[in-house]
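Engineer: Just to be clear, the model below is a prediction. Sequence and coordinates:
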Amino acid sequence: MRFFCSAILFFLLSASLFSQMRIDADNIFNYYLLEASKAKYRGDFNQALQYYHNCYKLDDKSSAVMYEISRLYYATKKMDEANLWLDKSISLDSTNNAEYIKYAATLKLYSGRYAESKEYYKKLVSMESDVPTYRLMLARLYSQLNMPDSAHICLDQISLDQVPWSAIQLEHADLYTHESNVRKLEKTLKNILKREPNEASSYKHLADYYFVIKKPKKALNYLTSGLTKNDGDLLLLDIADYYFKIGDYPLFKQYIDQAIHSVSISAETKIRKLTSYLQDKDKELYLRNESDYFTYLLKSAVTFHQDDEQLTILLAQYLNSLSRTSEALKVFDSYFVSHSPSYDFFATYVFTIMSQPELDWHKLNHVITDAYSLFPDQPYIVEARALTYNHFDKYQETIDVLTEFLTELDDIQLTQQLKSIKVEFLNILAESYYGLGKTEDSFATYDAVLSLDPNYIVALNNYAYYLSLHNVRLDDAEKMSSKTISVEPNNPTYLDTYAWVLYKKEQFSIAKIMIEAAFNYSTSPSSELYEHYGFILKAVGDTENSVIQFRKAIELDSKKDYLKEFLTDEN
């Protein structure tokens with residue numbers, strides 16, 4: 001009887017326990033689902049995938065989870081995995097949900113699985129026959145699969161209420177191009193011109209065709225004929241393009257000048273076209289010789305579109321590329337006064353200021369103050385803000401700015417780019433701690449930098465130098481410093497550091513060789529370099545020449561008057 005009662009009790013407890021386990025499993029599933037959604041919306045796709053895979057382990061029959069896994073693989077361009085998980089999802093739930101079918105059609109298309117994509121687009125056409133995009137895509141897939149008749153029939157089924165007649169004819173023309181059916185292609189383009197003779201685009205289509213088949217005179221005739229039609233000014237750019245390519249620069253200038261001053265052509269189109277000219281590698285010599293003319297074109301465009309930020313940036317960048325940095329900065333200044341710039345504007349503005357041969361720190365500070373107030377989460381702006389504070393010995397402000405940003409990085413999974421940013425920021429932070437006299441914090445931060453990137457050369461050099469100044473861990477300092485000169489053997493700063501570390505280790509002869517190498521590679525030796533050379537010469541017994549080096553150090557930096565006690569041979 002006792003055994004029977006115990007068995008009943010065990011059964012009841014087990015049932016309760018299994019029920020609780022089911023509830024816990026549901027809760028865990030929902031937890032993973034929620035965390036996956038959060039990770040996905042903040043752009044952390046790898047983390048989201050981990051959570052969705054955890055969901056799948058708990059419920060391997062959830063087609064919705066498989067669908068989400070597929071979407072994430074697609075977002076990370078892992079097409080094979082995306083297709084695998086989509087097929088799993090559809091095998092469990094052949095839903096008629098339009099969003100699922102749309103995604104399936106797109107995935108199969110971009111995976112090169114055209115036959116499968118075609119079937120999904122056919123399904124979309126049957127589900128939503130009033131969406132012309134589906135028929136257009138279906139027609140292109142028929143063409144890709146060498147089913148031209150089906151492709152043309154599909155296009156003809158598109159309602160003219162949904163898509164203009166000329167647009168459908170152009171799709172037919174594209175199909176004829178794919179089929180290499182030149183006769184029908186030309187006939188279709190001429191039919192468009194015949195039906196819409198007042199549209200410049202009708203002339204452009206035929207001109208493009210004649211350019212392709214190497215009949216430029218015929219193409220130019222159509223383009224010039226279209227100049228007087230609706231939106232005819234757009235053809236100015238095509239004519240300018242032709243003359244630019246064949247090297248007829250007087251005619252190129254004639255037409256591009258008209259285009260830049262045309263009200264019918266958008267700032268965006270002008271930017272795209274001018275950028276394409278400036279980046280043409282085959283025309284480098286011409287572009288170099290005609291830099292004043294292209295400056296004129298850009299300035300004209302900016303004058304014509306005074307509120308267009310991207311044109312202003314393009315002009316400033318071009319001037320800066322010509323080493324006309326002061327002019328570039330005036331362009332930025334002028335726009336900055338009367339507009340509310342974007343991040344791109346500030347980033348380029350700051351870059352231009354920092355590219356000056358003699359950096360104007362006060363100007364940078366002025367600009368970066370506004371930039372940081374608007375974009376405190378942008379790494380480039382944060383770095384410039386920190387560097388500016390650091391330059392003006394505002395070390396605590398530098399630390400505050402960087403610490404706030406670095407704290408946010410601690411909470412997310414670091415990409416390679418974010419890791420590089422963290423390394424740079426920690427390096428500046430280490431410098432600031434040192435500037436405040438917080439040596440332990442500085443050294444600990446340098447350790448953090450090198451744990452993330454053992455080959456970060458700036459930190460290796462500075463850390464080695466600071467260790468030598470404090471006469472501690474000199475073996476570590478030598479290893480770090482030797483690594484820098486193995487990477488950049490002609491860098492006078494790194495050679496100076498190495499020489500100083502060796503001096504502190506009382507390896508005076510090698511130190512002398514290294515510091516003299518630093519002088520050989522230095523175009524304008526610093527007061528520190530002369531000071532170090534003086535002490536090294538003194539250590540090897542060359543007191544007379546050491547005095548000369550100390551004098552030069554004092555001449556360059558009056559704060560080094562402490563060296564005066566070494567200006568006599570007796571010392």
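Structural biologist: In hand now; what should we look at? These numbers come from a predicted model, not from an experiment.
Engineer: N390: how many residues sit nearby?
Structural biologist: 20 (other Cβ atoms under 10 Å). For every residue, glycine as well, the C-beta is placed using N, CA and C.
Engineer: meant to ask about P341, not that
Structural biologist: P341 is flanked by 21 other residues according to other Cβ under 10 Å.
Engineer: Repeat that for Y463.
Structural biologist: Y463 is flanked by 27 other residues according to other Cβ under 10 Å.
Engineer: can you check the one 4 residues further on too?
Structural biologist: Counted with other Cβ under 10 Å, the burial measure for L467 works out to 23 neighbours.
Engineer: That one touches A477, doesn't it?
Structural biologist: Yes - with contacts counted by Cβ atoms under 8 Å, L467 reaches A477, the gap being 4.1 Å.
Engineer: Report the set of residues contacting both of the two.
Structural biologist: Contact criterion Cβ atoms under 8 Å, 6 or more residues apart in numbering; residues shared by L467 and A477: V501.
Engineer: for this structure, which spans come out with low pLDDT?
Structural biologist: 1-26, 94-95, 410-414, 569-571 (pLDDT under 70).
Engineer: same thing but at 50, please
Structural biologist: 1-23 (pLDDT under 50).
Engineer: so what are the domain limits for it?
Structural biologist: As given by automatic domain parsing, the domain ranges for the chain are 266-375, 383-446.
Engineer: Would you mind saying which of the ones you listed lies nearest N46?
Structural biologist: domain 383-446 (7.0 Å; Cβ to Cβ).
Engineer: coming back round to it: want to throw the domains of the chain into JSON lines with distance to I246?
Structural biologist: Compiled in JSON lines, the domains of the chain are given as follows (distance: least, Cβ to Cβ, whole Å):
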{"stretch": "domain 266-375", "distance to I246": "11"}
{"stretch": "domain 383-446", "distance to I246": "43"}
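Engineer: which stretch among those comes nearest A167?
Structural biologist: domain 266-375 (19.9 Å).
Engineer: and the closest one, how far from the chain's centre?
Structural biologist: Distance, stretch centre to chain centre, for domain 266-375: 18 Å (Cα atoms, centre = their mean, to the nearest Å).
Engineer: end to end, how far does it reach?
Structural biologist: End-to-end distance for domain 266-375, by Cα to Cα, to the nearest Å: 29 Å.
Engineer: ditto for stretch 318-325
Structural biologist: 9 Å.
Engineer: One more: stretch 69-89?
Structural biologist: 10 Å.
Engineer: Show me what counts as buried in that stretch.
Structural biologist: 69-74, 79, 81-83, 85-86, 88-89 (16 or more other Cβ atoms under 10 Å).
Engineer: Out of these, list just those in helices.
Structural biologist: Under the assignment DSSP state H, the buried residues of stretch 69-89 contribute 69-74, 79, 81-83, 85-86, 88-89 to helices.
Engineer: could these be laid out in JSON lines, adding distance to H391?
Structural biologist: Below are those laid out as JSON lines (distance: Cβ to Cβ, whole Å):
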{"residue": "I69", "distance to H391": "49"}
{"residue": "S70", "distance to H391": "51"}
{"residue": "R71", "distance to H391": "47"}
{"residue": "L72", "distance to H391": "44"}
{"residue": "Y73", "distance to H391": "46"}
{"residue": "Y74", "distance to H391": "46"}
{"residue": "M79", "distance to H391": "49"}
{"residue": "E81", "distance to H391": "49"}
{"residue": "A82", "distance to H391": "49"}
{"residue": "N83", "distance to H391": "54"}
{"residue": "W85", "distance to H391": "52"}
{"residue": "L86", "distance to H391": "54"}
{"residue": "K88", "distance to H391": "58"}
{"residue": "S89", "distance to H391": "56"}
